[in-house]
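[1] What follows is a predicted structure for the sequence shown.
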Amino acid sequence: MLVPFVASADAVTETIKSITDWIVTISLGIAILMYVIGGYFWIIDNGNMESVKMAKNIITSATIGLAIILIAKSLVSIVETLVKKSA
């Protein structure tokens, strides 16, 4: 006889929390790397305005990505709190 697996709200929220924590950690590392790369291009520009523009674009994109990551993490945290209260 098969017994269906019934996941509790705590198990589901803990799984989602661990997955999002892992994704946020990797994404933060990538964002820091992009800041370093953008700063490197800005430093070695040698007066080349195209290189400065590319560096600013990299830093801007990294900042936007970081903001999206932090907003997504906040939303997951809010949903987690709501699920735990309703359980």
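    Perfect, I can see it now.

[2] and Lys56, how many neighbours?
    By other Cβ atoms under 10 Å, the residues close to Lys56 number 13. Heads up, the C-betas are built off the backbone N, CA and C, glycines and all.

[3] host element of the residue nearest the centre of the chain?
    Residue closest to the average C-alpha location in the chain (Cα atoms, centre = their mean): Ile69, at 3.3 Å. In the assignment (DSSP states H and E), Ile69 maps to helix 49-86.

[4] Setting aside sequence-adjacent positions, which residue approaches the residue nearest to the centre of the chain most closely?
    Excluding the flanking residues, the one nearest Ile69 by Cβ to Cβ, 6 or more residues apart in numbering is Ser27, at 4.7 Å.

[5] The host helix or strand of Ile32 - what's its average pLDDT?
    In the assignment (DSSP H and E), Ile32 maps to helix 9-43. Helix 9-43 shows a mean pLDDT of 89.

[6] One more: stretch 77-87?
    Across stretch 77-87, pLDDT averages out at 79.

[7] residues of it that come out buried?
    Residues of stretch 77-87 classed as buried: Glu80 (neighbour count, 16 or more other Cβ atoms under 10 Å).

[8] Please save the CA atoms from that stretch in PDB.
    C-alpha atoms of stretch 77-87 as PDB (Å, rounded to 0.1, in the frame of the first residue of the first chain):
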ATOM      1  CA  SER A  77      10.900  36.000   3.600                       C
ATOM      2  CA  ILE A  78       7.400  37.800   3.700                       C
ATOM      3  CA  VAL A  79       5.700  34.800   2.000                       C
ATOM      4  CA  GLU A  80       7.500  32.400   4.500                       C
ATOM      5  CA  THR A  81       6.200  34.400   7.400                       C
ATOM      6  CA  LEU A  82       2.700  34.400   6.000                       C
ATOM      7  CA  VAL A  83       2.700  30.700   5.400                       C
ATOM      8  CA  LYS A  84       4.000  30.000   8.900                       C
ATOM      9  CA  LYS A  85       1.300  32.200  10.500                       C
ATOM     10  CA  SER A  86      -1.400  30.400   8.600                       C
ATOM     11  CA  ALA A  87      -0.200  26.900   9.500                       C
END
